[in-house]
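Quick one, fold the following:
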Amino acid sequence: MRQLRLFVLSAETALMNALVPQAEALLRSAVTAAAEAVGKGEDGARQVLERLTSDNEAAFINFVRNLTSLLVVVPGNPEPKKGPMYLLQGLLKVLDDFPWAATGDGQAQVYISLVPLTAALAQERLPYHIA
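Numbering: from 1, shown residues only. Predicted coordinates:
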């Protein structure tokens with residue numbers, strides 16, 4: 001979780017200094033690192049589930065919320081190969097693969113936190129921008 005948090009903080013710093021391409025690369029790395037942390041396949045998900053605690057799930061929820069706030073400004077490069085929302089699509093894949101606790105409401109919290117992002121991206125004028 002520390003690495004994910006550092007990627008997001010570094011992307012925030014890059015955006016504060018108007019380094020949009022670097023921020024996008026850091027956000028792409030954050031999504032990739034999150035996908036690797038969740039693991040591929042059933043065995044990887046089982047290993048993550050075994051070491052998952054409520055603190056880790058809370059940290060992951062916080063990571064997703066911070067990441068989605070940055071995706072308003074940097075939703076992704078509109079390359080024809082990947083599409084303009086490829087960072088959000090990658091995040092959604094990670095969320096689908098994440099082994100959520102059966103008794104918690106973490107999954108609902110995360111998907112609800114995506115609603116403001118999609119609402120902001122649907123606007124013609126974004127709520128904030130990089131000068």
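
can you give me the helices in this protein?
For the chain, helices defined by DSSP state H occupy the ranges 2-16, 20-38, 41-51, 54-71, 86-97, 106-121.

Which of those helices comes out lowest on mean pLDDT?
Of all the helices of the chain, the minimum mean pLDDT falls on helix 41-51 (a mean of 49).

Of the helices of the chain, which is nearest residue 127?
Taking Cβ to Cβ, helix 106-121 is the member of the helices of the chain nearest to residue 127, at 5.6 Å. Using the backbone N, CA and C atoms, a C-beta is placed for each residue, glycine as well.

From the rest of the structure, what touches that closest one?
With Cβ atoms under 8 Å, 6 or more residues apart in numbering as the test, helix 106-121 has contacts from 57-58, 60-61, 64-65, 68-69, 71-72, 75, 85, 88, 95, 98, 100, 126-127.

which of the residues you listed count as buried?
Buried subset of the contacts of helix 106-121 (neighbour count, 16 or more other Cβ atoms under 10 Å): 57, 60-61, 64-65, 68-69, 71-72, 75, 85, 88, 95, 98, 100.

rewinding a little: so which of the helices of the chain is nearest residue 79?
Residue 79 lies closest to helix 86-97 among these, at 8.0 Å (Cβ to Cβ).

tell me which strands and helices that closest one is in contact with?
Where contact means 3 or more Cβ pairs under 8 Å, 6 or more residues apart in numbering; DSSP states H and E, helix 86-97 is packed against helix 20-38, helix 54-71, helix 106-121.

With distance to residue 3 added, can I get these in JSON lines?
Shown next, in JSON lines, are those (distance: least, Cβ to Cβ, whole Å):
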{"stretch": "helix 20-38", "distance to residue 3": "6"}
{"stretch": "helix 54-71", "distance to residue 3": "10"}
{"stretch": "helix 106-121", "distance to residue 3": "19"}
